[in-house]
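Trainee: sequence unknown, structure follows:
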Ligand SMILES: C[S@@+](CC[C@H](N)C(=O)[O-])C[C@H]1O[C@@H](n2cnc3c(N)ncnc32)[C@H](O)[C@@H]1O
């Protein structure tokens, strides 16, 4: 049976519905299997159409989702799921699951929630009056990973101290600095020098010809230049490394 998904951007913007792509779904399923084995029971408080659970295939699935259309799609995908078409903030239950997987509507603003939802949140977290919908944690550390869905590889990860006023993602790893090859640079500069000398000589010859200066003076200049080159060619340089030992 094909996987059904509700994804209506016009409506979904209001609920911060950002659908998780298939690569991340598979990645998450791999993590869950690593820690819990195959087919654990799952709770998802922002379940959408059950995208995060697609490759987990939970043995028991408790799903909370505010959009009725998403709940309908979820019911098709998981006929045995326990579905609560309500706001996570109004959902009350003591039931337990092996794990919680959730891609929460993290960009929703507290002030944009209904009065009922706001009241439910402040009953539990009296200090919460604004900001995005987050929750207190026992410490402010979090492990972050930057995952490349095209190559299916983690390209960077770090431990991050949560700052409630600023959210940023893991930065890209520093690119290894390109190694400079001295021989390559030397050859480039030699070629440049040859071109400069050629251009300069052509220009000099042109000036001599235009000014009707004696050609032999130009040739003298060329010979002097050759002498400079020959002198440097024969000059004894530093000894080769083998001979210095
Ligand atoms: C970021 S999407 C994730 C959807 C799906 N789980 C996925 O990963 O592709 C957040 C979901 O939370 C739902 N949602 C928004 N506010 C909610 C609320 N107060 N209670 C429950 N679900 C909510 C949205 O309708 C949306 O389906």
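Mentor: Here it is on my side, so go on. It should be emphasised that the depicted structure is a prediction, and the values quoted were computed from it without experimental measurement. Numbers count the residues shown, from 1 in each chain.

Trainee: Would you point out which residue is most central in this structure?
Mentor: Using CA atoms, centre = their mean, the residue of the chain that lies closest to the mean C-alpha position is residue 146, 5.3 Å off.

Trainee: so it bridges to which residues?
Mentor: residue 156 (DSSP bridges).

Trainee: Tell me where this structure is predicted with low confidence.
Mentor: Within the chain, the set of residues satisfying pLDDT under 70 comprises 1, 9-13, 128, 130-138, 164-165, 240-245.

Trainee: mind running it again at 90?
Mentor: Judged against pLDDT under 90, the low-scoring parts of the chain cover residues 1-2, 5-19, 94-95, 105-112, 121-155, 158-182, 234-245.

Trainee: measure the residue nearest to the centre of the chain to the ligand for me?
Mentor: Using CB to the nearest ligand atom, to the nearest Å, one gets 18 Å for the distance from residue 146 to the ligand. C-betas here are computed from N, CA, C, even on glycine.

Trainee: Show the contacting residues for that residue.
Mentor: 154, 155, 156, 157, 169, 170, 171, 172 (CB atoms under 8 Å, 6 or more residues apart in numbering).

Trainee: If we check the ligand, which of those are in contact?
Mentor: If you filter those for contact with the ligand, counting by CB under 6 Å from any ligand atom, you are left with nothing.

Trainee: Narrow these to those that are buried.
Mentor: Burial of the contacts of residue 146 was assessed by neighbour count (16 or more other CB atoms under 10 Å); the buried members are residue 170.

Trainee: Need the contacts of residue 146 in a markdown table (columns: distance to residue 125).
Mentor: Putting those into a markdown table (distance: CB to CB, whole Å) gives the following:
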| residue | distance to residue 125 |
| --- | --- |
| 154 | 32 |
| 155 | 35 |
| 156 | 32 |
| 157 | 29 |
| 169 | 25 |
| 170 | 27 |
| 171 | 31 |
| 172 | 34 |
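
Trainee: List just the nearest of the contacts of residue 146 to the ligand.
Mentor: Nearest to the ligand among the contacts of residue 146: residue 169, at 15.3 Å, using CB to the nearest ligand atom.

Trainee: OK, contacts around that closest one?
Mentor: Going by CB under 8 Å, 6+ apart, the list of residues near residue 169 reads 144, 146.

Trainee: just residue 171 next, same as before
Mentor: Per CB under 8 Å, 6+ apart, neighbours of residue 171: 146, 156.

Trainee: Looking at the protein, which residue reaches furthest from the middle?
Mentor: residue 214 (68.5 Å).

Trainee: What about it? Give its phi and psi, please.
Mentor: Its backbone dihedrals place residue 214 at phi -60, psi 130, with angles given as degrees, to the nearest 10.

Trainee: Enumerate the residues of this protein near the ligand.
Mentor: Taking CB under 6 Å from any ligand atom as the measure of proximity, the chain contacts the ligand at 15-20, 45-48, 51-52, 64-67, 70, 87-89, 103, 105, 108.

Trainee: Just the buried subset of these, written out for ChimeraX, thanks.
Mentor: The following ChimeraX line selects those of the residues of the chain next to the ligand that are buried, judged by 16+ other CB under 10 Å:
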select :15,16,17,19,20,45,46,47,48,51,52,64,65,66,67,70,87,88,89,103,105,108
